[in-house]
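J.: need the 3D shape of this:
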Amino acid sequence: MFICIEGNIGSGKSTLAQALAKKLKATYLPEQFEDNTLLPLFYNDKETFAFPTEYSFLIDRQKQLTNYFKNIKKGTSTVSDFHFDKCLCFAKTNLLSDDYSFFKKHFKPLRKTIPTPDLVVYLDTSTDLLLKNIHKRGREIERSLKQGYLSRLKKTLDKYYMVNGKIDTLVLILTIKEYNDITLENCCQEILNVLKTKK
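T.: Residues are numbered from 1 along each chain as shown. Predicted structure coming up:
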């Protein structure tokens with residue numbers, strides 16, 4: 001079983017993925033974004049570094065996922081705090097139209113090399129709550145994030161995961177109104193209930 005948790009920056013993907021993996025006795029697969037040296041440059045100068053940053057993430061995520069699934073034991077359940085298709089959403093938000101068209105041509109064949117998740121969980125969160133959570137966790141690299149950028153990204157993510165139905169797997173939408181232990185437990189329970197119906 002392969003489950004992906006997706007959502008905007010600061011939506012609580014990693015926290016939920018870790019909690020769910022523990023309940024399922026599954027392997028937690030975190031996105032390895034810290035090693036991308038282009039990300040700080042992008043946050044400081046989006047116009048100059050948008051394309052190299054998005055393209056590097058595309059390659060990094062494909063490499064991480066293919067290496068992981070090549071080496072895991074058969075029958076291992078996995079909960080990841082990212083979905084490969086987020087590459088397309090971030091590129092759509094950050095790139096000019098010509099660059100996005102080029103990016104999309106490369107995305108499609110790479111996507112075919114990635115296992116299809118059994119379930120994608122999308123965290124629908126207001127930008128006000130995102131900013132509070134981003135501030136609370138205090139990552140230096142995210143200090144420059146503005147509400148306008150998060151709103152543009154949310155619009156793209158919402159359209160992809162909630163409206164267009166472009167994903168060839170089940171999508172569970174969870175609306176997050178506050179962050180606490182009860183919210184986390186309720187989210188896990190909703191996911192577990194959906195998984196029971198899939199068996």
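
J.: by contact count, what packs against the strand or helix carrying R61?
T.: Take DSSP states H and E as the rule and R61 turns out to sit in helix 46-71. Judged by 3 or more C-beta pairs under 8 Å, 6 or more residues apart in numbering; DSSP states H and E, helix 46-71 is in contact with helix 38-44, helix 86-94, helix 97-111. C-betas here are computed from N, CA, C, even on glycine.

J.: do that again at 6 Å, thanks
T.: Other elements packing on helix 46-71 under the criterion 3 or more C-beta pairs under 6 Å, 6 or more residues apart in numbering; DSSP states H and E are helix 38-44, helix 86-94.

J.: quick one: average pLDDT of the longest one?
T.: Model confidence over helix 86-94, given as mean pLDDT, is 96.

J.: chain center to that helix, what's the gap?
T.: On the basis of C-alpha atoms, centre = their mean, to the nearest Å, helix 86-94 sits 11 Å off its chain's mean C-alpha point.

J.: could you say what helices and strands it packs with?
T.: Packed on helix 86-94, when contacts are counted by 3+ C-beta pairs under 6 Å, 6+ apart, are helix 46-71, helix 97-111, helix 147-158.

J.: now those helices in JSON lines, with mean neighbour count and mean pLDDT?
T.: As requested, those are exported to JSON lines (neighbours: other C-beta atoms under 10 Å; pLDDT from 0 to 100):
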{"stretch": "helix 46-71", "mean neighbour count": "16", "mean pLDDT": "95"}
{"stretch": "helix 97-111", "mean neighbour count": "14", "mean pLDDT": "96"}
{"stretch": "helix 147-158", "mean neighbour count": "17", "mean pLDDT": "95"}
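
J.: ok, which of those comes nearest S80?
T.: Comparison of those against S80 by C-beta to C-beta identifies helix 46-71 as nearest, at 8.1 Å.

J.: give me the next element, helix or strand, following the closest one.
T.: Next along the chain after helix 46-71, taking DSSP H and E as the criterion, comes strand 78-80.
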